[in-house]
Each structure stands twice: as structure tokens, then as C-alpha cells.
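> Quick one, fold the following:
(one chain, ligands or ions: 1)
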Amino acid sequence: MKVIIIASLLVVALALPAPQTGPAPAVGQSVVWPIRPYSYAYEISDPPSNNFQNKAEIKNANGDVFGSYSVLMPDNFIYTTTYNVTGLSGFVYNLVKTPANPAAAAATTA
Ligand SMILES: *[C@@H]1O[C@H](CO)[C@@H](O)[C@H](O)[C@H]1NC(C)=O
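So this is what the prediction gives:
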């Protein structure tokens, strides 16, 4: 079985504030953690097991998160979820279902 996983983790080290030092916060004291931008992506492509999926996500300096992931499901459709979290929006997503083989799908529905 051959599985190809491509992963990258890019931390924008230059944008990071210095690590926090000093005494731990007292119980009940709120702590504001700094925003740490990042991005990563991976892809799995394994024809023998029909395992095809990928994901990518990025967090920018504002703390907004954008990402998407796709999975080929047993019904031969690719399910792609695109999502974001911006400001106080909470987790907002959109799911799209597309035929893995559009020509075959068109032939069966014609
Ligand atoms: C967040 O995702 C939703 C659903 O896909 C989309 O309608 C909206 O435009 C996105 N917001 C941003 C800021 O990209």
C-alpha cells in the first residue's frame, strides 16, 4: 500500500511575540494568549484503497481561520467542506458534493 502524505507546517515565527515569562497567572485571572498565525496542508492519494482526501487551513495575523477539506466517499462523490472563523462569526461552513467522475455521473442520469 502506498500512501502519499504531504504535510507542511509553516509558522510565521517572525510575527510571533516573545514567549511569555514570569509567574503563572493566579486562579481566576484571565489570560489573553497571543495570536499565532499558521498554515498547513496535507493530501492522501492511495488508489488501491480508494482513499483520496486533503485538507488545508490557515490562520492569519488577525486570528481569522480559513480552511477546507475534501474526502472521496463510497458513494463516489467528493464532499468538500469550506469553512472559516472570522471575528465573532463562530464556525461557518459550506458543504459541496460533486461527482468524482462527472462523465460517468452524467451518463447514469441521462
Ligand atoms: C465564510 O464561509 C462562508 C461559507 O462558505 C462564506 O459564505 C463566507 O463568505 C466566508 N467568509 C469569509 C470572510 O470568507
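> going forward, measure contacts and count neighbours with C-alpha atoms only.
Fine.
> State the number of residues packed around T86.
Residues near T86, counting by other C-alpha atoms under 10 Å, number 16.
> That one and the ligand: what is the separation?
According to C-alpha to the nearest ligand atom, to the nearest Å, T86 and the ligand sit 6 Å apart.
> Leaving out chain neighbours, which residue sits closest to that residue?
With C-alpha to C-alpha, 6 or more residues apart in numbering as the criterion, T86 has its nearest non-adjacent residue at 4.6 Å, and that residue is D64.
> now Y93
Nearest residue to Y93 in three dimensions, chain neighbours excluded: Y83, at 4.1 Å (C-alpha to C-alpha, 6+ apart).
> I'd like the distance between that neighbour and P48.
Y83 sits 30 Å away from P48, going by C-alpha to C-alpha, to the nearest Å.
> can you pull the contacts of I58?
By C-alpha atoms under 8 Å, 6 or more residues apart in numbering, the contact set of I58 is P37, Y38, S39, Y40, V65, F66, G67.
> so it, which of the three states?
At I58, secondary structure determined by DSSP: H, G, I helix; E, B strand; the rest coil is strand.
> did I read that right, P48 in a helix?
Yes: counting by three-state DSSP, P48 is part of a helix.
> burial measure for it, as a count.
Per other C-alpha under 10 Å, the neighbour tally for P48 reads 9.
> now swap in W33 and tell me
Using other C-alpha under 10 Å, W33 has 7 other residues around it.
> Now it. Its backbone dihedrals?
The phi/psi pair for W33 (degrees, to the nearest 10) reads phi -80, psi 140.
> Any figure for the gap between it and the ligand?
Where the ligand is concerned, W33 sits at a distance of 23 Å (C-alpha to the nearest ligand atom).
> tell me which parts of this structure are close to the ligand?
By C-alpha under 6 Å from any ligand atom, the part of the chain that sits against the ligand consists of T82, Y83, N84, V92, Y93, N94.
> Out of those residues, name the ones that lie in strands.
Using DSSP state E, the subset of the residues of the chain next to the ligand located in strands is T82, Y83, N84, V92, Y93, N94.
> Thanks again, I'm all set now.
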